[in-house]
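> Return a 3D structure for these sequence lines:
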Amino acid sequence: MTADATSERLGIVGSGAIACGLARAAGGRVPAVPVTLWARSDESAERAAQKLDGRGEVTTDLDALASCTVVVEAVAEDAAIKSELLGRLGALLPDTAILASTTSSLSVAELAVASGRPDRFGALHVFNPVERMKLIELAYSSDASPTTRERLNELCEALGKTGVEVADEPGFVVNRLLFPYLFDAVGLMESQGLEPEAVDTCMKLGAGHPMGPLALLDFVGLDVSAAIGESIGVEVPARIHALIAEGRLGRKSGAGFYEYPPKA
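Numbering: from 1, shown residues only. Take a look at the predicted model:
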């Protein structure tokens with residue numbers, strides 16, 4: 001028998017778009033899922049508190065997560081950074097708590113070992129913008145217990161999401177299928193001498209996509225997209241590497257394939 005997901009206390013480690021989006025999604029539910037978000041610095045905590053707008057507690061003290069029943073790590077997609085934090089959390093949390101990571105490209109089995117509690121660990125891959133996207137990809141190592149799988153699936157439901165269990169393979173399902181298409185769009189644009197707007201308009205109006213592939217690459221971030229491509233073994237277009245070298249990382253930097261107005 002598992003705990004009622006509405007009684008879970010959610011901890012989130014990180015203060016970026018995914019971490020804050022997940023916190024807002026949890027705190028905005030009826031009934032709300034109690035959430036505490038950990039940020040590395042006072043400055044990051046202040047920015048996160050503004051984004052949460054009262055829908056969760058923000059702290060810079062990792063020990064404040066000790067009362068959480070599920071803690072989701074949502075920091076940079078770097079194995080060393082994630083492993084170090086997961087190890088600290090594994091030692092901090094009570095035995096009954098579950099640890100999860102928002103990774104989409106790293107080995108879930110290796111992160112599970114780093115956490116020190118592989119039977120109570122899983123990947124919880126949410127999508128940006130978290131509040132609007134309904135899917136969560138769930139991935140586990142072979143050591144994950146049935147209770148861990150059940151509680152994380154119930155947490156997805158409590159967040160208003162659909163959890164789909166996928167294999168522990170880089171890119172899972174969505175990114176494994178999506179990024180070859182996105183990179184192919186870059187190659188097609190260049191080979192046919194098209195503007196980004198032309199490619200994106202064709203895919204929006206002809207295929208019913210809510211966002212064209214080049215705008216989507218900008219939204220994800222060209223540096224993040226390149227890292228995902230490398231992790232799943234897909235060749236990253238030279239144009240993307242060139243834009244990254246110019247500091248054009250997409251929306252977050254104000255320019256990528258498109259130009260973006262400064263944030264208010």
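
> can we go C-alpha only for contacts and neighbour counts from here?
Fine.

> And Gly54, how close does it get to Gly11?
15 Å (Cα to Cα, to the nearest Å).

> go on, Leu243?
Using Cα to Cα, we find Leu243 at a distance of 36 Å from Gly11.

> the more surrounded of those two?
Gly11 (28 against 17; other Cα atoms under 10 Å).

> For that one, which non-adjacent residue is closest in space?
Val71 (4.3 Å; Cα to Cα, 6 or more residues apart in numbering).

> Could you give the average pLDDT over whichever strand or helix holds the one you found?
For Val71, the enclosing helix or strand under DSSP states H and E is strand 70-73. Mean per-residue pLDDT for strand 70-73: 98.

> likewise stretch 99-117?
96.

> Same check on stretch 216-223?
So the average pLDDT for stretch 216-223 ends up being 96.

> got it, and stretch 231-240?
Mean predicted confidence for stretch 231-240 is 96.

> Between the two ends of that stretch, how far is it?
Terminal-residue distance, stretch 231-240 (Cα to Cα): 16 Å.

> what are the ranges of the strands in the protein?
Under the criterion DSSP state E, the chain contains strands at 10-13, 35-38, 57-59, 70-73, 98-101, 121-126, 135-139, 162-165.

> Against which helices or strands is the fourth one packed?
It stands for strand 70-73. strand 10-13, helix 79-92, strand 98-101 (3 or more Cα pairs under 8 Å, 6 or more residues apart in numbering; DSSP states H and E).

> If you tally nearby residues, what's the number for Asp53?
11.

> can I get the helices and strands packed on strand 70-73 in JSON lines with distance to Pro146?
Compiled in JSON lines, these are given as follows (distance: least, Cα to Cα, whole Å):
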{"stretch": "strand 10-13", "distance to Pro146": "20"}
{"stretch": "helix 79-92", "distance to Pro146": "19"}
{"stretch": "strand 98-101", "distance to Pro146": "12"}
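
> one step back: contacting residues around the strand holding Val71?
Strand 70-73 is contacted by residues 8-14, 65, 82, 85-86, 97-102, 124 when judged by Cα atoms under 8 Å, 6 or more residues apart in numbering.

> Partner strands of that strand, with direction?
Strand pairing for strand 70-73, using DSSP bridges, gives strand 10-13 (parallel), strand 98-101 (parallel).

> Which strands or helices does the longest helix anywhere in the chain pack on?
The longest helix of the chain (DSSP state H) is helix 174-191. On a contact count with 3+ Cα pairs under 8 Å, 6+ apart, helix 174-191 meets helix 196-207, helix 213-220, helix 222-231.
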